[in-house]
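J.: Okay, predicted coordinates and the sequence, questions at the end:
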Amino acid sequence: MTFEKIVILTGAGLSAESGMGTFRGQGGLWDNYDIEDVATPEGFARNPTKVHDFYNMRRGWLADVRPNAAHMALAKLEQTHKGDVLTVTQNIDPLHEAAGSEKLIHMHGELARALCANCGTSRPWTEDLSLATSCPACGESGFMRPDVVWFGEMPRDMERIYAALAACDLFVSIGTSGTVYPAAGFVAEAHGAGAHTVELNLDPSEGASLFAEKHYGPATKIVPAYIETLLNG
Ligand code: APR
Ligand code: ZN
């Protein structure tokens, strides 16, 4: 099978072997933190320090994590494939960029950026954030937050994503449990557009039955192997 327009969806499982941790399953972040407390606007309004601590901890991991073989294989696909490749990631880490992927949408935002809720300015940010942090653009403090999408907020670039799903002939979902919408609905969109659908995951996701092709195992093994078959037809 050869394909022209490829959409890749990635989730926490892609970065698991880089040390970023996942949300669900054994040892997942949501075993130790309540989504309501640390990943909603209401939680931030209730206790901003608790939310800043949660994202400061995860932002702190970024200094020590590196892209793994799966990230590298996806960057190679984008650089080598003659047609279009768009990577849509649910991940807020910068590992796709670090591996060389450029046609990339962070639909849940970016941990390495900070947003000012007062003036709307977003900028790269590697330090801790707190209520005392003042915005370099408007000078106000108390409004800085991680530039990420919380539950109940609108994921980014959805029009561009749905247009790509409607036009693709291959949709590959990698390292996601298929539990959070709208990302979990992308396979149905792609299938509806007539695309071939592939799941690459450690184990079957919630939407496994919706995929035409499935390969299970650690991303650093199955993703490079699958990309090789794609590129060498
Ligand atoms: N290789 C491949 N897949 C893996 C690996 C690995 N080494 N380790 C774990 N996985 C798989 C798990 O089997 C699981 O299906 O990755 C998936 C991770 O699922 P989640 O932790 O639910 O992560 P994700 O699907 O990205 O979560 C979606 O939920 O909490 C929100 O905003 C958060 O973007 C996140 C969204
Ligand atoms: Zn500001």
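T.: In hand now; what should we look at? Ligands and ions are numbered 1, 2, ... in the order given.
J.: and stretch 57-71, C-alpha only, in CSV?
T.: Taking C-alpha atoms only, stretch 57-71 is exported to CSV below (Å, rounded to 0.1, in the frame of the first residue of the first chain):
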residue,chain,number,x,y,z
MET,A,57,7.4,19.6,38.3
ARG,A,58,6.7,18.4,34.7
ARG,A,59,8.4,21.4,33.1
GLY,A,60,11.4,20.5,35.3
TRP,A,61,11.6,17.1,33.6
LEU,A,62,12.1,18.6,30.2
ALA,A,63,15.8,19.4,31.0
ASP,A,64,16.6,15.7,31.2
VAL,A,65,14.4,14.1,28.6
ARG,A,66,15.4,13.4,25.0
PRO,A,67,13.4,12.2,21.9
ASN,A,68,13.4,8.5,21.5
ALA,A,69,13.7,6.2,18.4
ALA,A,70,9.9,6.6,17.8
HIS,A,71,10.1,10.4,17.7
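J.: Whether that stretch contacts ligand 1 - can you check?
T.: No - shown here: stretch 57-71 not in contact with ligand 1 (Cβ under 6 Å from any ligand atom), separated by at least 7.3 Å. Where you see a C-beta, it was placed from the backbone N, CA and C, and this is true even at glycine.
J.: Next: stretch 159-178.
T.: Yes - interface with ligand 1: stretch 159-178 contributes 175-177 (Cβ under 6 Å from any ligand atom).
J.: Centre of the chain to that stretch, how far?
T.: Going by Cα atoms, centre = their mean, to the nearest Å, the spacing between the C-alpha centre of stretch 159-178 and its chain's C-alpha centre is 12 Å.
J.: Distance across that stretch, terminal residue to terminal residue?
T.: Across its full length, stretch 159-178 reaches 20 Å end to end, with Cα to Cα, to the nearest Å as the criterion.
J.: Going by neighbour count, list what's buried in that stretch.
T.: By neighbour count, with 16 or more other Cβ atoms under 10 Å as the criterion, the buried positions of stretch 159-178 are 161, 164-165, 168-178.
J.: can you check stretch 177-184 too?
T.: Taking 16+ other Cβ under 10 Å as the basis for neighbour counts, the residues of stretch 177-184 that come out buried are 177-178, 180, 183-184.
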